[in-house]
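> Fold the following for me, if possible:
(2 chains)
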Amino acid sequence: SQKIEQNSEALNIQEGKTATLTCNYTNYSPAYLQWYRQDPGRGPVFLLLIRENEKEKRKERLKVTFDTTLKQSLFHITASQPADSATYLCAPGRVDTGRRALTFGSGTRLQVQP
Amino acid sequence: GAGVSQSPRYKVAKRGQDVALRCDPISGHVSLFWYQQALGQGPEFLTYFQNEAQLDKSGLPSDRFFAERPEGSVSTLKIQRTQQEDSAVYLCASTSGLPNGGELFFGEGSRLTVL
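Residues are numbered from 1 along each chain as shown, chains lettered A, B, ... in the order given. Down below sits the predicted model:
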């Protein structure tokens, strides 16, 4: 069955450092992958989308990579700030006739210490 | 509206009661999704609508769960005879057009606690 794995343990880093979050998937061939941010008590908010033919995508301090051979996406936040503290969810998506809905990983909680 | 609106934000129900959760998507968004999120977990898919048609309900955990979107806009998720395991946050999301890589816009969720 399809499986999406994100580090269940919280990631603690110092302000100013680069945070790197990992998303691995198995039994899956997504056409794209999305990353969302979720704050406590709030709904997820879309951050970035990367398609299978793209190796890397950037948006301000965010960078996402997508390796379809390794079946892995890495999400980087450079020059991290305490305000970046949140849970980050990855969601590989399909565009075939199968399920159209996104399937989410369990998320990784990031804590940026000042 | 400016965003996806869900109500109620918080609902406490006694075991066996029926509950109804409402979602008002972004105006004009064709696709609407319901997700269930347990504490410390990612959102789990429940059901998907394209306009008023429920195209996928494979994620509904039992026949006690029922969703509708009769006019292709507002949607209601109904849970009959609630059980303690139904306690979770229920998230609604919408997107314009077919879900083909388009970002999902989520509401703030309805937190259901079944006593």
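> A:Gln38 pairs with what?
Applying DSSP bridges to A:Gln38 gives these bridge partners: A:Thr87.
> can you pull the contacts of it?
A:Pro44, A:Val45, A:Ala86, A:Thr87, A:Tyr88, A:Leu89, A:Gly107 (CB atoms under 8 Å, 6 or more residues apart in numbering or on different chains). Where C-beta positions appear, they are placed from N, C-alpha and C, glycine not excepted.
> Can you tell me the closest non-neighbouring residue to A:Cys90?
For A:Cys90, ignoring the flanking residues on the chain, the nearest one in space by CB to CB, 6 or more residues apart in numbering or on different chains is A:Cys23 at 3.5 Å.
> correct me, but the one you found touches A:Lys71?
No: under the contact definition of CB atoms under 8 Å, A:Cys23 does not touch A:Lys71, with a separation of 9.5 Å.
> So between the two, which is more surrounded?
Neighbours were tallied for A:Cys23 and for A:Lys71 using other CB atoms under 10 Å in any protein chain shown; the higher tally belongs to A:Cys23 (25 against 19).
> Return the residues in contact with that one.
Contacts were defined as CB under 8 Å, 6+ apart; by that measure A:Cys23 touches A:Ile4, A:Glu5, A:Gln6, A:Leu33, A:Trp35, A:Gln72, A:Ser73, A:Leu74, A:Phe75, A:Cys90, A:Pro92, A:Gly105.
> Report the beta-bridge partners for the third one.
On the basis of DSSP bridges, A:Gln6 is bridged to A:Cys23.
> Understood, closing this out.
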